[in-house]
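**Student:** This is a predicted model, with the sequence first.
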Amino acid sequence: MTDKDEEKTSVLKRIFDQVPPIMKGCEKLYHKKTWNKFLTSESGCLPFVPEGLRTTVKNLVAIKFPECKRRLEKRQRYEFTLYEKEGRAQAYRVEEALERMIVAANSSDMYNQMPLRGGKESLDLMRLTGEEAVFIELKPWATNNSPLYALIELVKNLEVYREILRNYSVEWGYDLKSLILLAPYEYYKSYGINDDKASLDKTSELLKELHTTFNMPMAMYALDYSPQEFDEYMITLLPNRNGQKADVENTPKVDSLRFDKWQLLANSWK
């Protein structure tokens, strides 16, 4: 594979190509079948070999980075594409719209789309209080990206960040305290994570293993914000669009998206 080929193939895809699940009957770590099998397996049964995952991630993120002049730049982006179809307001990318709304609701300490490797590899969200940072991976109500996919995405971003601090000149660095997977309750329920002790215990077990393997605390938080509420909010944005661009910087903020309203589901330190 040439350098150009490597740049075109995302690091995350190569991680999944090179780290097969160790559960019988499962083909890829990112498949929903793999997640479901893990969630219903006996305690102590993981879908991957922890040290193998760590070695693969570290080796792949060390590959030459694409050119990027604004690596680790703090950003607050509020615009997203919103169009009207059959009398309904529809965000072109629901996750993007939700991300912008979260930044707007937490504008004093929340940033989004911070460039990492370059190209399209950026952090979804970062919470920065003083010099202490939390990296956040956001998922919407419905997506094919399982919690395992999202957690591996987080540890990939963690190792990319560490690689940047070791080998690249950047204007600033942050004291990274933890990694968070953030999604509405409906997302977690669609992957079998409910309020029952069994699913939460299995999820915590995985977070603790990743914490140990990558030396970084991890947690899952839920948003109590329904897709119906999201749709209703989109309707209020239609009259003030600039073409098909909606901007939530100066619109009413959604209270349930504030950080202090996020609900902790599972973490790696209890």
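**Tutor:** Sure thing, it's come through.
**Student:** Next, Ala89: secondary structure please.
**Tutor:** At Ala89, secondary structure determined by DSSP: H, G, I helix; E, B strand; the rest coil is strand.
**Student:** That one contacts Arg241, correct?
**Tutor:** No - in this structure Ala89 lies outside contact range of Arg241 using Cβ atoms under 8 Å: 9.4 Å. No exception for glycine: its C-beta is placed from N, CA and C like everyone else's.
**Student:** More neighbours: these two, which one.
**Tutor:** Just comparing Ala89 and Arg241: by other Cβ atoms under 10 Å the higher neighbour count belongs to Ala89, 19 against 16.
**Student:** what's across from the more buried one in the sheet?
**Tutor:** Judged by DSSP bridges, the bridge partners of Ala89 are Glu84.
**Student:** which residues do Ala89 and Arg241 both contact?
**Tutor:** Common neighbours of Ala89 and Arg241 (criterion: Cβ atoms under 8 Å, 6 or more residues apart in numbering): Leu82.
**Student:** Next, count neighbours for the residue nearest to Trp262 when sequence neighbours are not counted.
**Tutor:** Spatially, and ignoring its direct neighbours in sequence, Trp262 is nearest to Tyr221 (4.2 Å; Cβ to Cβ, 6 or more residues apart in numbering). Using other Cβ under 10 Å, Tyr221 has 18 other residues around it.
**Student:** try Pro184
**Tutor:** Should you count by other Cβ under 10 Å, Pro184 turns out to have 23 residues around it.
**Student:** next one: Ala142
**Tutor:** As a burial measure, the neighbour count of Ala142 was computed by other Cβ under 10 Å and equals 12.
**Student:** and it, what helix or strand is that in?
**Tutor:** Assigned by DSSP states H and E, Ala142 belongs to no helix or strand.
**Student:** these two touch, right, it and Tyr191?
**Tutor:** No - assessed by Cβ under 8 Å, Ala142 is found out of contact with Tyr191, at 10.8 Å.
**Student:** Tell me which stretches of this protein form helices.
**Tutor:** 3-8, 11-18, 32-39, 50-61, 94-105, 147-167, 185-190, 197-214, 227-237 (DSSP state H).
**Student:** Averaged pLDDT, the first one. What do you get?
**Tutor:** Along helix 3-8, the predicted confidence averages to a pLDDT of 41.
**Student:** same check, this time on stretch 148-159
**Tutor:** Averaging pLDDT along stretch 148-159 yields 96.
**Student:** swap in stretch 62-82?
**Tutor:** pLDDT averaged over stretch 62-82 gives 83.
**Student:** Distance across it, terminal residue to terminal residue?
**Tutor:** The distance separating the two terminal residues of stretch 62-82, taken as Cα to Cα, to the nearest Å, comes to 37 Å.
**Student:** Brilliant, that's me finished.
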